[in-house]
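A.B. asks: A predicted structure for the sequence below; I have some questions about it.
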Amino acid sequence: MQTLLPDGWAPPIGYANGIAVDAGRIVFVAGQVGWDAQQKFQSEDIVPQFEQALENIVAILAKAGAKPEHICRMTAYCCDKPAYMAARKELGKIWRKHIGQHYPAMSMIFVSDLLDNPGKIELEATAVVPK
């Protein structure tokens, strides 16, 4: 896996502009919200929901023999921009706790609502496990 940073570009903070992979097993993880294995939300707050969604992604990756560092793309959908902006430092700490210093290509999309209430954030990921 190669992080792509064009010459002269400032390095992004907390994500990669692009990731290139040669080959391997591709794992697609559907959008994960902040509920537990029994599909129950333990909190209505964005921080614990973000952490649970990341834990869900890591668990699904593990089932496929993948690790967090194999994530090459992640998309986040959030319906509470003020809460997200206020929690960015805390969310960064949670990211490093579960994913480490690996930053894939990422997009953050703010939406009006999520399907699963009281969900505040949903994360989907694509990983490539090397051969």
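C.D. replies: Arrived safely.

A.B. asks: Could you measure from the closest residue to P68 other than its chain neighbours over to Y77?
C.D. replies: In space, and not counting its chain neighbours, P68 is closest to I99: 4.4 Å by Cβ to Cβ, 6 or more residues apart in numbering. Using the backbone N, CA and C atoms, a C-beta is placed for each residue, glycine as well. To Y77, I99 is 18 Å away according to Cβ to Cβ, to the nearest Å.

A.B. asks: just checking, A125 touches H70?
C.D. replies: No. Contact criterion Cβ atoms under 8 Å: A125 and H70 do not qualify, at 9.4 Å.

A.B. asks: Overlap of the contact sets of these two?
C.D. replies: Taking Cβ atoms under 8 Å, 6 or more residues apart in numbering as the criterion, A125 and H70 both touch L61.

A.B. asks: neighbour count winner among those two?
C.D. replies: A125 (28 against 23; other Cβ atoms under 10 Å).

A.B. asks: so is the more buried one in a helix, a strand, or just coil?
C.D. replies: strand (DSSP: H, G, I helix; E, B strand; the rest coil).

A.B. asks: now I109
C.D. replies: Per three-state DSSP, I109 ends up strand.

A.B. asks: low-scoring stretches of this structure, by residue?
C.D. replies: By pLDDT under 70, the chain has no low-scoring segment.

A.B. asks: can you map out the strands along it?
C.D. replies: 2-4, 18-20, 25-32, 71-78, 105-110, 121-129 (DSSP state E).
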